Every structure is written in C-alpha cells, then in structure tokens.
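Peer 1: Fold the following, please.
(3 chains)
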Amino acid sequence: MKKLIDIQNLVKQFDDQVVLNNINLYINENEFITLLGPSGCGKTTLLRLIGGFETLDEGKILFEDKNIADIPAHKRPINTVFQKYALFPHLNVYQNIAFGLKMKKMPKETIEQEVLKALEMVKLKGYESRNIKTLSGGQQQRVAIARALVNKPKVLLLDEPLAALDLKLRQDMQYELKEMQRALGITFIFVTHDQEEALTMSDTVVVMNEGHILQIGTPIDIYNEPKNRFVASFIGESNILPATMIKDYKVNILNTEYTCVDHGFGEQTPVEVVIRPEDIELKPAQGGIEGLVTDVIFKGVHYEIIVMVGTIEFIIHSTLSQTVGTQVSITFEPEAIHVMRR
Amino acid sequence: MSEKLTLRLSRVGTILLVIFTYSIIYLPIVIIAFLSFNASSRDQIWTGFSFVWYREILNNPRLLEAIQNTLLIAVLATLISTVLGTLFAIGIHGLSRKQRLKIMVLNNIPVVNPDIVTGISLLLVFSLLPLSFGFQTMLLAHIFFCIPFVVLSVLPKLKTLDPNLYDAAIDLGASRFKALWLVIIPSIKVGILAGSLIAFTMSIDDFVISYFTFGDGFQNVSIWIYSRLGRRTFSPSVYAYNTLVVFVTIVVLSLFNLFGKKQKSIKGEKI
Amino acid sequence: MKKLRALSFPYVMWMSLTIVLPMALILLVAFSDLNIFRLGSFTFTLEGFSVLRSPVITTAIRNSFRFAFIVTALCFLIGYPVAYLLARSTSRHKTLFVTFLILPVWSNMLLRIVAWERLFFPNSILNMFGISLNLIGTDLAIIIGMISMYLPFMIFPIYSVLDKMDQALIEAAIDLGASRVKTFFKVTLPLSFGGVVSGVIMTMLPAMTAFALPARLSGGRTLLIGNIIEDYFMRTANFNAGSIVSLVMMVLMIVLYLWILRFDKEGETLI
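Peer 2: Below you'll find the model as predicted:
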C-alpha cells in the first residue's frame, strides 16, 4: 500500500489551549480510517486541518510527499461530508451536487452525466429538482455524500456524518458507505465517537483522547489488545483489574496466579489486565476468583451478569443465565487475559 | 488582478467604509454634544465651554414638561405594550402555522409601514372615535407601534421552548395563570426584555407618529423641537437633554455588554 | 400551549381597528368627498385625483423616488460590506460595535437633522476651521442627511442574516473548489438576499416619506411626498387630497411588503 497522507509532529492550539499535541499518523491509499474518541478529543480539529479549514501551529501534513500547508482548501483534492451536511438551502438537489463541478468549469453535458451518476450511486434518482428542505435526514445525508464524491476526490473526509440519523438508518448507511469506499477506491477519513461504528467500518482505527493519539490499529487489534485503560474502556465494555506481572507468561490477578500469553513486562511489575465480558465463563464455586451473582439482565442475545468479588464488580456476557445470590467461580482462558502497563 | 490582491483591496476598502459609517452616523450626535457645551446661545459661534444649558433645562418649564411627557409616555407605552405584546405572542404561538403567518402579516405592517402612513392612519381612526387629541391619543399611538416589536422579539424565544412545558406545569398541579407566570414567562424573559427595550427606544425617539396624534397642548420633546425650529423659543437646553440621554445610554449599553460577555465565554467552547 | 391561543384573539380585533380600518378609511376618503369630522352623507368621486396632475405634486413624487433610490443604493453599497465585516468579525468587541450602531436611535432624530442643518449653513461652527460648507438647498445635503439617518436600517437586517448564516455552508463551498470571491457571489450573497430585501425596504420607505429632513436641509426648497402629505393633513386639513397622495405610498408599501413576505414570512429580519 502507498502512503497518501503523512502527518508529522503536528501541534494545534486554540487560545493557548493545546488541542492536538504531537500527532504522528500516516494514511494509506484506499484506506478506510476512523478517528475515534470522545467529544473534545481533537478528532474534528484534525479532520479540519487535513481539509484546510484550520491552520496548524507546528509540524506538517504531507500529501503525496508534498507539504499541503500552502494549498488553500478549495484547491485540495479532498472533499468533505459535513456534520450537519451543510447543503446549500438556496439550491436544489441537482444544483447542490453540480456545485463543485461548476467551480471546475466542466462542460454542461459532463456535469449532467456526472451528477446523474452520483445520484444513482446514492439511490436518489429522480430527486434532481427537489428542494433541500423537503428531504428527510437520510436523503440529505445521501445528497451530501453525492455532492462530495462527484468531484472524484482522492480523500473523502466525513465528520460524524451519521450522528443525526436513527439507529436503523445508521446501520444501513454504515454498510453502504463501506461498499462505496470499496467500489470507488477512495481513501475515507471518518470521524466518530461511536466505537461500534468505528469497529464495523474501518480498516484502521485511531483512538484519540485529549489531543493525543492513544492507539492506532485494526479494529481487531484495538478491541483485543488495547494499549491502556482508556482505550480498553472506550472500546466496548470490559473488566479492568489491577494485577501483578510475576514474570513472563505469569500474572497474579486478585491473589490468584494465572498463565497468560503476555511477556516482556519484567518481574513483579504492577500492571492492569483487561478481560472482555464475553471471555469469562462462570462455574459453580470451586476456588480461584469467587464472587456473588448480584444482578442478571436479559439483553436479547445474551445475559449480562454482574458478579461482585469483594468490592470489585465483574461484568459477564453469557448465553446461560444465573440465579441471583449464588456463589460462582470466575474462569477464563490464558488468551482472554490482556496485560497493559499501568 | 490576482485573487490575493483583490481580497486585500476589498478588505482595505471595507475598513474605510466602516470608518465612514460610524463617522456619518455619529457626527450629528457629536455636534449636538459640542453645541450643548457652548456658552453662546447661537449655534454658529463657539464662545467658550459652559454647563449653562444643562442648568437651563430646569429653568425652561415648557421643555421640562415636554421631557416629563416624553418619559411618561415612553414608560407607560413600554409597560403596557410589553405585557400585551407578550400575551399576544403566547397566543399567536398556540395557533396553527397557517393562522400564525396570517396574523404576523398584520403584525408586521406597522413595522414596515412608513411612519407618516401610520400617523395619518391613527389620525383618521382617532378622529372617528370619541377621543380628544392629547395625552390619551399619543399614548395609544405609542402602544400601537410598540406591540409589534414586542411580539417579534418574544415569538422566536417561544419557538425554542419545549412544546410540553406548559402542559408539564399543568400536570404538576399549576393553575393556568401559575403555569404562565412561573414557567413560560421566566423561560422567555430574554425576549421580553429585548422587546421592551426596543419599545422604549422607539417611543422615546418618536417624532412622526406623535406629530399626527398630539393635541391639546400635550407635547413631547420631538414636538417641542419641531414647533420651535428656527424660532427664538428654541433653546440649546434641548442639546443638553439629548446629550444626557445619549450618555446614559452609552453607559448602560456598555455595562450590558460587559455583563453579557461573561455568559458567552462559558458556552463558547467548541473543539 | 395550544390552549393559550385565545390570547391572540383580542390582538386580531385590535389590529382590525388600528390597521385594517384606517386603510379602508384612507380608501374611502380618497374616493369620496366624506368629511371625517362631520360624518354625514357623501358621494363617491374621482375628482380629487386630479391633484396628482398638479406639477407641485408630480415633482414631489419624482423627488421622493429619486432621493429614495439614490440613498437606498448608496446605503446598500456602503452597508453590505460593513454588515459583512461585522458578521465575520472575530473580535471580542463585536457585540459592542453592533450595539454602537443602534445607539444613535436614542438621540432625537430631529436634533440630528438640526445638527446637519447647522453644519451645512454658510455660517457654521466649522468657520472656526476656515470651512464653510454652504450645502443647504443642495441635493447632496439631503443625501448626506438621509444616509446618516437610515444607514443603520440597511446594515441591521443584513448583519443579522449574515451573522446567523451557517459557517459550514461557506466551508462546504470552499471544500467543493470555490474561491473566496466565488463563494461570496454563489453562496453568501444569495443566502443573505432576505436580509438585503428587508434592509432595502427599511431604508427606502423612510427616505421616500421623510418630511422634516428635506424641509430643513433644503431650506424648504425641495418638496417630497411627505411634505405634501404633512401639508394636507396638518396645515390645510384637506384629508381627501391627503388621502389620495397617501394612497400612492400605501400601494407602494404593500407591494414592497409582499416582496419581503416571499423571503421572510414571520418578520424575523425586521428587528
């Protein structure tokens, strides 16, 4: 794969407040990359820097090995789908989509062909002369996507584009966006605070918090091997426990010694371990970590079971129910233990 | 011409226009202030700095009366039009969109209508009614043109309210009056305040509509000025009065501005 | 809140009395020989309309349109860039700048006219600096005076539309490859058209109907429609002829108002 965008030592401040601190990140051609993090983590600012709507304070952004600092936003081969779509209310669907091509002074016939193709792609054929205000949220979303894609950008920036849609529509659009990205071979940079969305759609997920990049990896990496407590708790529900690494492949969790697959932490090092709720199996009390079932909630596909071990709360996802008040043992495989530095 | 040059030129041009705008708007006010400190009673010559015209306000009974009348009408018209305008706006908000738009067409006529047309309209209506021209006709006229401004500033605030707010208050046992007074009014108070401020401003500055509805020796400051323009009874004391009003306004608005800024910086954070 | 709609009913009655009735009255008085002070039998007649052929009145109408057009055009050319700069300003004192545009309204309009008059006289306070403007009676005097009075009315509606405009729309245009200049003409300007229409009307109608301003600044030499209307209603008490002339203004007002309604159904750009 070829590097398309390379961000080096980027720093951005607003009124002396550092919102992006020493960001290093590269983005490949034809990649679906997601910037994931809570609101205020700097992900939207990073996207706006790439789009050219903000200027950076330190570092540089290379686009195909060229510094893009001097290229104004309207000349970058990058288009954006804005958060609330930013469709022009004084133009109809056709005119909105044709806007970018008109700016490039394309011939009228080409514009018409391209716009119709784009409309077909987003399944809005026949909506050409509709007023923007008469469209539903989902339809406006599609127009916004068509308006950006019709310009055949090398990179499409999407700023929480699905946030305003309801659940069902959101899931449909996730699938469709992924399909479009595959079919068109364009790099998508997607910003969201929804971890599920990030995991479902992306090739690469970038987890951010407070202006820093915490982890970059495939969705599977991020989910199974979070680098620290923040990533672990932000990506899905998890049990995060204090533990001690005795030596390589041996970890002490709540006074019980376990074999694990992690190594290289040194000896007798305090660490934290993550165990995903679905990786825990409950057995009748038999020693090891024992606790009391305090709550059982039916969640449709599985039961969510809360077990209290002393003051520590375990969340377990299981297809088997338990009776509240029973004493159980908490068991898991060595592969289920993920050790992180404290 | 390159785009950068065009942008720079247009920026310089715009800044010149801003300077021009504030100058042409403020020049007459500065001149009035200047003349209010002039020791001479003739506006053509500067004979020295003096507060004599400020003292003269108290010694000119007709002017003093006109000032009192102006303030009396402004305060009464503001109070009455704020109360009525707020209630009307709440009523209009409850209507269907179609009916609301129809009422708003009527509501906005006095806002758009040239003052002189409003003036003669009221002159005609008041001539039909058993009203003698004077305090009451001028007050009614001022209430008339203030209400639409109150409605216009209250209505947008009502639109931002949760539609269930009133019902929630009723549900919790509030009477209809209490639901209005304790829930609706406090949530739209910014709009009510803005509306009353506009009403007061419109009333205190009005000349044309007052001119067509005054009578029976009841004068406000504008009528006092108009009837004395170019005559010996015109006294520079009125410059002093005007300068005082402008001074108080500057102080009040600047304080408002400083006070309002604190609230903004809190919600202004967005990354 | 739907239950509160009854609060709007008295307003409809009030407006019928103060807006609809007078319009009907002006029509009636214009098309008949009715004497409003001595109600009795009357006959419909179009005879009164011959006043519109008198050269004094045709000149006044022509003057009104001419000054209104020149002043509105100049106010737009000055006011739009100023409103744009204010709306785009990121200064912490932005609201203060805007507030200071409203402030002059607190200064009496007649006195501001007087201040210009005093400056334009050959013998003025400016003689101190060796300057004598001597503009009284010129068109320029009226134009400067009108711009000084009405420029804020042009700036405000445009400013409020530009200030509320979604910044993302500008960014979207740039994102799609439009330069700053193109973004302005393709997106910003068309989207602010509603504010421009309100601004144009809020400037044009007062300019067209002014009477105190042209009377003072032309030394009584230049008559506008307002002067004719004032004369008929306040001096010669010829309501029938006055109504006929007012009718011209009313029709124009209604046409312009319908134009505003196309962009702004609820009058949100009016304050």
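
Peer 1: use CA for all of it now, contacts and neighbours both
Peer 2: OK.

Peer 1: Quick one: the helices in chain B, in order.
Peer 2: Ranges of helices in chain B, per DSSP state H, are B:3-36, B:52-59, B:61-93, B:97-107, B:109-112, B:115-128, B:135-159, B:165-171, B:176-178, B:185-187, B:189-205, B:208-213, B:221-228, B:237-267.

Peer 1: Mind putting those into JSON lines with mean pLDDT?
Peer 2: Shown next, in JSON lines, are the helices of chain B (pLDDT from 0 to 100):
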{"stretch": "helix B:3-36", "mean pLDDT": "88"}
{"stretch": "helix B:52-59", "mean pLDDT": "88"}
{"stretch": "helix B:61-93", "mean pLDDT": "94"}
{"stretch": "helix B:97-107", "mean pLDDT": "89"}
{"stretch": "helix B:109-112", "mean pLDDT": "88"}
{"stretch": "helix B:115-128", "mean pLDDT": "90"}
{"stretch": "helix B:135-159", "mean pLDDT": "93"}
{"stretch": "helix B:165-171", "mean pLDDT": "79"}
{"stretch": "helix B:176-178", "mean pLDDT": "83"}
{"stretch": "helix B:185-187", "mean pLDDT": "88"}
{"stretch": "helix B:189-205", "mean pLDDT": "90"}
{"stretch": "helix B:208-213", "mean pLDDT": "92"}
{"stretch": "helix B:221-228", "mean pLDDT": "90"}
{"stretch": "helix B:237-267", "mean pLDDT": "76"}
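
Peer 1: Same list (the ones you listed) but as TSV, adding mean neighbour count and distance to chain C.
Peer 2: Formatted as TSV, those follow (neighbours: other C-alpha atoms under 10 Å in any protein chain shown; distance: least, C-alpha to the nearest C-alpha, whole Å):
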stretch	mean neighbour count	distance to chain C
helix B:3-36	17	5
helix B:52-59	17	15
helix B:61-93	21	4
helix B:97-107	16	6
helix B:109-112	20	7
helix B:115-128	22	5
helix B:135-159	23	7
helix B:165-171	16	6
helix B:176-178	13	9
helix B:185-187	16	13
helix B:189-205	21	5
helix B:208-213	24	8
helix B:221-228	20	7
helix B:237-267	15	6
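
Peer 1: do you know which of these lies nearest C:Gly195?
Peer 2: helix B:109-112 (13.6 Å; C-alpha to C-alpha).

Peer 1: contacts for the closest one?
Peer 2: B:118, B:145, B:148-149, C:19, C:201-202, C:253, C:257, C:270 (C-alpha atoms under 8 Å, 6 or more residues apart in numbering or on different chains).

Peer 1: Could you export the helices of chain B as TSV, including distance to A:Leu158?
Peer 2: Converted to TSV, the helices of chain B look like this (distance: least, C-alpha to C-alpha, whole Å):
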stretch	distance to A:Leu158
helix B:3-36	29
helix B:52-59	65
helix B:61-93	38
helix B:97-107	36
helix B:109-112	44
helix B:115-128	52
helix B:135-159	31
helix B:165-171	36
helix B:176-178	48
helix B:185-187	37
helix B:189-205	37
helix B:208-213	56
helix B:221-228	60
helix B:237-267	25
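
Peer 1: Identify, from the contacts of helix B:109-112, the entry nearest to A:Arg342.
Peer 2: C:Leu270 (61.0 Å).

Peer 1: do you know how far the closest one is from chain B?
Peer 2: Distance from C:Leu270 to chain B, counting by C-alpha to the nearest C-alpha, to the nearest Å: 7 Å.

Peer 1: who's in contact with the nearest residue to C:Pro22 once chain neighbours are set aside?
Peer 2: Distances taken as C-alpha to C-alpha, 6 or more residues apart in numbering or on different chains place B:Ser121 nearest to C:Pro22, at 4.9 Å, with adjacent residues excluded. B:Ser121 is in contact with C:18-19, C:22-23, C:26, counting by C-alpha under 8 Å, 6+ apart.

Peer 1: Please identify, among the residues you listed, the one with the most neighbours.
Peer 2: For the contacts of B:Ser121, neighbours were counted by other C-alpha atoms under 10 Å in any protein chain shown; the highest total belongs to C:Ile26, with 25 neighbours.

Peer 1: Chain A: helices as residue ranges?
Peer 2: A:43-51, A:93-103, A:108-121, A:137-149, A:167-184, A:195-201, A:219-224, A:229-234.

Peer 1: Closest residue of the stretch 1-150 of chain A to chain B?
Peer 2: Chain B sits closest to A:Gly40 of the stretch 1-150 of chain A, with a gap of 5.5 Å, by C-alpha to the nearest C-alpha.

Peer 1: tell me the pLDDT at that residue?
Peer 2: A:Gly40 is assigned 86 on the pLDDT scale.

Peer 1: which residues sit in contact with C:Ile142?
Peer 2: Counting by C-alpha under 8 Å, 6+ apart, C:Ile142 touches C:213-214, C:217-218.

Peer 1: what helix or strand does it sit in?
Peer 2: Taking DSSP states H and E as the criterion, C:Ile142 maps to helix C:139-164.

Peer 1: Report the next helix or strand after that helix in sequence order.
Peer 2: Heading C-terminal from helix C:139-164 (DSSP H and E), you reach helix C:167-175.

Peer 1: so C:Leu85 sits in a helix?
Peer 2: Yes. Going by DSSP: H, G, I helix; E, B strand; the rest coil, the assignment for C:Leu85 places it inside a helix.

Peer 1: Isn't C:Gly79 up against C:Pro157?
Peer 2: No. Taking C-alpha atoms under 8 Å as the definition, C:Gly79 is not a contact partner of C:Pro157, at 10.2 Å.

Peer 1: Please tabulate the helices of chain A in a markdown table, including the columns distance to chain B.
Peer 2: What follows is those, written out as a markdown table (distance: least, C-alpha to the nearest C-alpha, whole Å):
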| stretch | distance to chain B |
| --- | --- |
| helix A:43-51 | 7 |
| helix A:93-103 | 15 |
| helix A:108-121 | 25 |
| helix A:137-149 | 20 |
| helix A:167-184 | 24 |
| helix A:195-201 | 19 |
| helix A:219-224 | 25 |
| helix A:229-234 | 20 |
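
Peer 1: mind putting these in a markdown table, mean pLDDT included?
Peer 2: Output for those, formatted as a markdown table (pLDDT from 0 to 100):
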| stretch | mean pLDDT |
| --- | --- |
| helix A:43-51 | 92 |
| helix A:93-103 | 91 |
| helix A:108-121 | 93 |
| helix A:137-149 | 91 |
| helix A:167-184 | 89 |
| helix A:195-201 | 89 |
| helix A:219-224 | 90 |
| helix A:229-234 | 88 |
